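*Asks:* Provide a 3D model corresponding to the input given below.
(chains A, B, C and D)
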Amino acid sequence: MEFSGAVDIPATRDRVFAFVTDPEEVGACGPGVESIEVIDATHFRAKAKVGVGFIQARFVVDLEIAEQQAPDMAVIKAHGQAPGSAVDAVGRMTLVDGPEPGTTTMQWSAEVSLSGMLASVGARMVEGTANKMIGQTFDCVRAKIAAEG
Amino acid sequence: MTTELEPRTSAAIGGMGHSVKRKEDPRFIRGAGEYIEDVVLPGMLWMDIVRSPYAHATIKSIDASEALKVPGVLAVITGADLEKAGLHWMPTLAGDKQMVLPTTTVMYQAQEVAAVVATDRYAAADGVAAVYVDYEPLPVIVDPKKALEPGAFVLRPDRGPDKANNHIWHWESGDRAAADAALASAEVRVSEDIYIPRIHVASIETCGCVADWDAVRGQLTLHMTSQAPHAIRTVLALVSGLPEQNIRVKTHDIGGGFGGKVPVYPGYVLAVVASLTVGKPVKWIEDRSENLQADSFARDYHIHAEMSATKAGKITGLKVKTIADHGYSDAAADPSKFPAGLFNVITGSYDFPDAFVEVDGVYTNKPPGGVAYRCSFRVTEAVHAIERMVDILAHEIGVDPAQLRMENFIQPEQFPYRTPTGWEYDSGNYGVALQKAMDLIGYDDLRKEQAEKRARGELMGIGISSFTEIVGAGPSKDFDIIGIKMFDSCEIRVHPTGKVIARIGVQSQGQGHETTFAQIIAEELGFPVGDVKIEYGDTDTAPYGLGTYASRSTPVAGAATAMASRKIREKARQIAAHLLECSPDDLEWEPGKFTVKGSPDRFKTIQEISFAAYTNHPVGMEAGLEAVDYYDPPNLTFPFGSYICVVDIDKGTGQVKIRRFVAVDDCGNIINPMIVDGQIHGGLTMGFAPALLESITYDELGNNQAGTFMDYLLPTAVETPRWELDKTVTPSPHHPIGAKGVGESATVGAPPAIANAVVDALWHLGVRNIDIPMTPQKVWAILHEKGLA
Amino acid sequence: MTTQHVRVTVNGTVREADVEPRLLLVHLLRETFGLTGTHVGCDTSNCGACTIHVNGLSAKSCTMLAVQADGAEIRTIEGMADGATLHPLQQAFWDQHGLQCGFCTPGMIMQSAWLLGQNPDPTEDQIREGISGNLCRCTGYVNIVKAIDQAAGALRAADAAK
Amino acid sequence: MIPSAFDYVRPADLGEALRILKEREGEAKVLSGGFSLLPLIKLRLAQPGLLVDLRDVGGLNGLTRDGDLFRIGGRATHRQILEDRPLTDALPIMKDAASRIGDPQIRNWGTIGGSVAHADPAADWPAVLQALHASIVLRSADGERTVPARGFFIDTFTTGIEPAEILTEIQIPFPPPRSGGSYQKLERRAGDFSTVGAAVQMTLGADGRITQIGIGLTAVADSPFAATHAEDALRGAHPNDELFREAAAAASRQSRPATDSHGPAEYKRAMVTEMTARALRAALARAQAQG
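*Replies:* Next up is the predicted model:
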């Protein structure tokens, strides 16, 4: 599954870049994240309860900032597992100056692979759900940064 | 000749030709059958299996610590544990090998990764959820054509550097040059790509076992769902090193098999290892998703067929090239010499001067494939291809498909008939069967109706399938499974009071062996069928046999039963002569008694003779009345039939509705007409299902898209057509009772009749082929493309 | 592990057990009470092999919790025959060869019994619709339909004789 | 398939049920029938901490006519609805839908409230209730509210129901004279979830024009929805086949189906057109048959 989009954020590229590469900050925006454990500067592990409605699975997700060029670009790889299911994703973010001075446009794309029971049994809900969760994640990023003023 | 067989025995005896009510039914209708899940042993533990979400991945680590904290969990078994004992690999029936548990890499979604042993099934399931396996995904290959491309990821490096690709084997039959020549000089050539997708037998009972290791006695008893318990015992002995006499395989009642219970699955081996490890009986029962996702599959054949003919419609040649997707391991139950089964029966019911067929087996990231769906030896694939091709040719040259078949059938006087791919058909009368089906359904009127409807823009189609089956594997000169020859056996013991117990090497999964085998003995010896008890499925007591699949019970073990009966009859003749004080040659046999020729009041009943065998046998003769026979058939048997199907297509939705379906079958002499009809009803339904409903598909990551009965669509009573049956009877000349086997005929014959009907409804729009299953969305897409929907 | 007390009447006999709330009703019957005539075939309530009667209504016991049945009247295949006398449906399934491997049979008979209670004289279409929640892999349904029709006749005749 | 552990309570009345839901908000899940919920729990795709079984809660399974309203209790089973002649005579669409849900065993135990609160996008009732302009009554410990079915279904498995609320009743307006409805369900096999379902309820005026129209669609978006564009095209118009085809096409354009095992999105969009047109024709015939 491939998804992409763009979001305008009322902050500088430096600030946005710092936010999205800081596990503690960006982690809280991940869907259903319950805890974040920072392993090193580019590796962290999240525990997240994700799903749709009351259909939820507890995933352990290993995240890695696989590439970064401050303050323009970052690639994050995720590898998550729940009993019987697994998810692998690569998210790419490119930051460019936004329409207003001092704002940033984040262009993003994500490739998501779902394996196991959820993919077999939940196929008719997976794509819509993944799309929504990604959208919520970026909305959250914008909202949090915007809230800093 | 094709005549109905009149029973030779009275209804009280109940020999061949009587619709004797089944002896096994009283327990089933009371819920008193004993299926594997009903087996409970003292101290029994439960095993459940951790399975891979990935279709291809490296296992970085397995952390069982949390699982071992779950109350009730006693042990977690991993591939590393098995490796220490050399048990992490096992052989498949096709001579390939398969992991029991992986040590480094998983090869298909839902592959077994670890086993959890616990005090009950709920704790075991909790344990499974608590095992954490760290995977690193690898590239997935689901398309066998991509698997064959140069540079494709090599899935089985364990096969050695000289096999550094995903090609398993090449197999061919017939004369390539002759077939090429026939095609090159043909007036008419037709060719088509036909794909027959993966399907799953999905017997309503899943697989399972209870492994019971008795350390004190050094005895392993394996209660299991198996169609071939003796072969399993031998494989277990070879793999485990346990002495074969200390292994007992016991099958109990089996809730449907259809071939899916022939292979050895890792779960069985794991339960044995678990019982050996913990010293208690261990039960493992698959759930439905495990069954649909991980057990062996049928079909998955990518066929390219070319056929040549004269303009007048005389067929001249056939050439077929096929890619066989076996998943990550070749787990077919085919005889060693036949890696593509009996696929070279593909010339079907037609008199082909020349034919050539080749098949290449390929590895992909799917569960091991190549077993059965009510037909294990690739006959369904062959019949589908040839019956589709004959129809395409008929439409192409504008000859009615029934007429084209009639003009190209092997004629009755040509039997025994040798095919260009090497088979010798025993007997057949194809034209009579087709004509009977045409008369029954009112073929000519249907063609008129179709023409009228087509003029009004309505879509109606008529499809024929005139199949030839090949069953009864098999003659030991050619047929073996992992080296064991494919004979089968029967042992009969007549007790002094004239009651009989017989044990057979085959295994019922619903076919009614307890009744039909008793009828064979009733036919041959005249004991009333109610006095004959049939046993099977316990390797400690039954004689060795290869089991029940490929419609082989009647052709092979049925013959053994008749031959063992005849041995007993000969001894009985000696005893009767002794009792009647005459020469054995002066005695006449009729079912149930020997009579002195010309003296109808001087006779001895088989019951009297039985008693004498233990109380008053001739001096110098061994006491008792017993015989055993291991039957090695001289040839296979070739049942056949003609099916005609009428469909109406809903242009709005693409839904295909089967309006009528007539099936005329010929399986030679019939033991129990009621049971034969039941087999045909079931077989037709398992032919209908993959034609319109069932298939297992995978996404590009190798996720099984039909992992529950919510998406793997077994037909209900609502969709299933109302089958109309009739018969012709052409006995097998070489089988002792002239029978041929019928369990799979209808599954083999039905799909092309349905496919031909659907294509027939759409041919005028330019449609040549639709691969099964012909789902509404597939049919709609065609109608849409043609501007009709 | 918390348990709850369940008391049910099964085929006329009161039976009790302390069970985990998650215990499926089919497992209470099969494993706690040893009534193994009720089978599990699919786990997703598609196949109907686990069909029983709960308070007179046919139900799929693999999709019901044991605790949900607390206080209920349950009838299973083991409760259908009257001693040596088979229920007319059992007799008809035998007469008409309405079973092969026998695995779906108990559920099929229990659903048919409920169906004939609702509709004593069903048409073939109504029979087929009435067993549409029960999958049989062996018989192609032809003889099952015949058996239900035979039993319907027998039950109507027995009713008329009363 | 074995569920993970949970607690279970079977409150004796509605008050107790609502109190428990409030006390254990977030982990408690209402069980009403269970034929939607338990398969998911067995697959461990849902792992509630507590199931609150409404079996003993009385007064929730009535089917009554109250003036211009049909009141259907949340615990009324599909079978009760199927067999309720006053309801199905007035609203044959209810029988169309009830007779096609699952199989007989599921209809014996599955409830309309359970199905509606579960909000599977492929379940049949939500589209029917939207076509009928039904209302949904929700109770909590703090009181009761009645919300329109339209707008209730927010997303896949997500409705406007709050965690501490129980769906107690469905209210359906009694249809005026010259009304007819139909539910057309396309399924792969008997008992399957819908590939596409189209629910239509219409009322004709004395002049034959369509005065009231409701169209609900099943399984072709994240949640069942009302095909308002099609309704707009039909309201006030004289019914005819061409108009129906246009309206059905408008319904299709408003759908957002996903490609899955039931078929590609393109096929489903086409089936929205087909099933909606069929439902419109059948509803019209029934409305006209009423005089």
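
*Asks:* quick one: secondary structure of B:E381?
*Replies:* Assigned state for B:E381: helix (three-state reduction, DSSP: H, G, I helix; E, B strand; the rest coil).

*Asks:* for it, the count of nearby residues, please.
*Replies:* 27 (other C-beta atoms under 10 Å in any protein chain shown). (Glycine included, C-beta is placed from N, CA and C.)

*Asks:* which residue packs closest to it, ignoring adjacent ones?
*Replies:* Spatially, and ignoring its direct neighbours in sequence, B:E381 is nearest to B:Y301 (4.5 Å; C-beta to C-beta, 6 or more residues apart in numbering or on different chains).

*Asks:* which strands and helices sit next to the host helix or strand of that neighbour?
*Replies:* Using DSSP states H and E, B:Y301 sits in strand B:298-309. Using 3 or more C-beta pairs under 8 Å, 6 or more residues apart in numbering or on different chains; DSSP states H and E, the elements in contact with strand B:298-309 are helix B:144-147, helix B:176-184, strand B:188-199, strand B:315-325, helix B:379-397.

*Asks:* which of those is buried the deepest?
*Replies:* helix B:379-397 (a mean of 25; mean count of other C-beta atoms under 10 Å in any protein chain shown).

*Asks:* now it - C-alpha only, PDB.
*Replies:* Taking Å, rounded to 0.1, in the frame of the first residue of the first chain, the C-alpha atoms of helix B:379-397 are listed here in PDB:
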ATOM      1  CA  VAL B 379      -6.300 -35.700 -13.500                       C
ATOM      2  CA  THR B 380      -8.600 -32.800 -12.900                       C
ATOM      3  CA  GLU B 381      -6.100 -30.400 -14.400                       C
ATOM      4  CA  ALA B 382      -5.700 -32.600 -17.500                       C
ATOM      5  CA  VAL B 383      -9.400 -33.100 -17.900                       C
ATOM      6  CA  HIS B 384     -10.100 -29.400 -17.500                       C
ATOM      7  CA  ALA B 385      -7.500 -28.500 -20.200                       C
ATOM      8  CA  ILE B 386      -8.600 -31.100 -22.800                       C
ATOM      9  CA  GLU B 387     -12.300 -30.500 -22.300                       C
ATOM     10  CA  ARG B 388     -11.800 -26.800 -22.600                       C
ATOM     11  CA  MET B 389      -9.600 -27.200 -25.700                       C
ATOM     12  CA  VAL B 390     -12.100 -29.500 -27.400                       C
ATOM     13  CA  ASP B 391     -14.800 -26.900 -26.800                       C
ATOM     14  CA  ILE B 392     -12.600 -24.100 -28.100                       C
ATOM     15  CA  LEU B 393     -11.900 -26.100 -31.300                       C
ATOM     16  CA  ALA B 394     -15.600 -26.900 -31.800                       C
ATOM     17  CA  HIS B 395     -16.600 -23.300 -31.500                       C
ATOM     18  CA  GLU B 396     -13.700 -22.200 -33.600                       C
ATOM     19  CA  ILE B 397     -14.600 -24.400 -36.600                       C
END
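
*Asks:* quick one: it to strand B:188-199, angle?
*Replies:* Regarding helix B:379-397 and strand B:188-199, their directions subtend 150 degrees when assessed with axes from the mean of the first three to the mean of the last three C-alpha atoms, to 10 degrees.

*Asks:* how close does the residue lying farthest from the centre of chain B get to B:K604?
*Replies:* Counting by C-alpha atoms, centre = their mean, the extreme residue of chain B relative to its mean C-alpha position is B:E581, 50.6 Å from that point. For B:E581, the distance to B:K604 (C-beta to C-beta, to the nearest Å) stands at 11 Å.

*Asks:* sorry, back to before: C:L65: which of the helices and strands packed on strand B:298-309 is closest?
*Replies:* strand B:188-199 (33.9 Å; C-beta to C-beta).

*Asks:* how distant is the closest one from the center of its chain?
*Replies:* 22 Å (C-alpha atoms, centre = their mean, to the nearest Å).

*Asks:* what comes into contact with the next helix or strand after that strand?
*Replies:* Once the chain leaves strand B:188-199, the next helix or strand it forms, by DSSP H and E, is strand B:208-214. For strand B:208-214, contacts defined as C-beta atoms under 8 Å, 6 or more residues apart in numbering or on different chains pick out B:36-37, B:39, B:41, B:44, B:219-225, B:267-268, B:271-272, B:274-276, B:279, B:281-286.

*Asks:* which other helices and strands does the helix or strand containing B:D648 contact?
*Replies:* Assigned by DSSP H and E, B:D648 belongs to strand B:640-649. If you count contacts as 3+ C-beta pairs under 8 Å, 6+ apart, strand B:640-649 packs onto helix B:430-441, strand B:459-468, strand B:656-666, helix B:745-762.

*Asks:* dump these into CSV; add mean pLDDT as well.
*Replies:* Shown next, in CSV, are the helices and strands packed on strand B:640-649 (pLDDT from 0 to 100):
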stretch, mean pLDDT
helix B:430-441, 98
strand B:459-468, 98
strand B:656-666, 98
helix B:745-762, 98
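
*Asks:* and those: which comes nearest B:V379?
*Replies:* Across those, closest to B:V379 is helix B:745-762 (C-beta to C-beta), at 5.3 Å.

*Asks:* tell me what that closest one is packed against?
*Replies:* helix B:379-397, strand B:459-468, strand B:640-649, strand B:656-666, helix B:673-692, helix B:776-785.

*Asks:* format the CA atom coordinates belonging to stretch B:680-694 as CSV.
*Replies:* C-alpha atoms of stretch B:680-694 as CSV (Å, rounded to 0.1, in the frame of the first residue of the first chain):
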residue,chain,number,x,y,z
ILE,B,680,-21.2,-38.6,-7.3
HIS,B,681,-23.4,-35.9,-5.6
GLY,B,682,-20.4,-35.0,-3.4
GLY,B,683,-17.9,-35.1,-6.2
LEU,B,684,-20.1,-32.9,-8.4
THR,B,685,-20.4,-30.4,-5.6
MET,B,686,-16.6,-30.3,-5.2
GLY,B,687,-16.4,-29.7,-8.9
PHE,B,688,-18.9,-27.0,-8.8
ALA,B,689,-17.2,-25.2,-5.9
PRO,B,690,-13.9,-24.4,-7.7
ALA,B,691,-15.7,-23.6,-10.9
LEU,B,692,-17.6,-20.8,-9.4
LEU,B,693,-16.6,-20.1,-5.8
GLU,B,694,-13.5,-21.4,-4.2
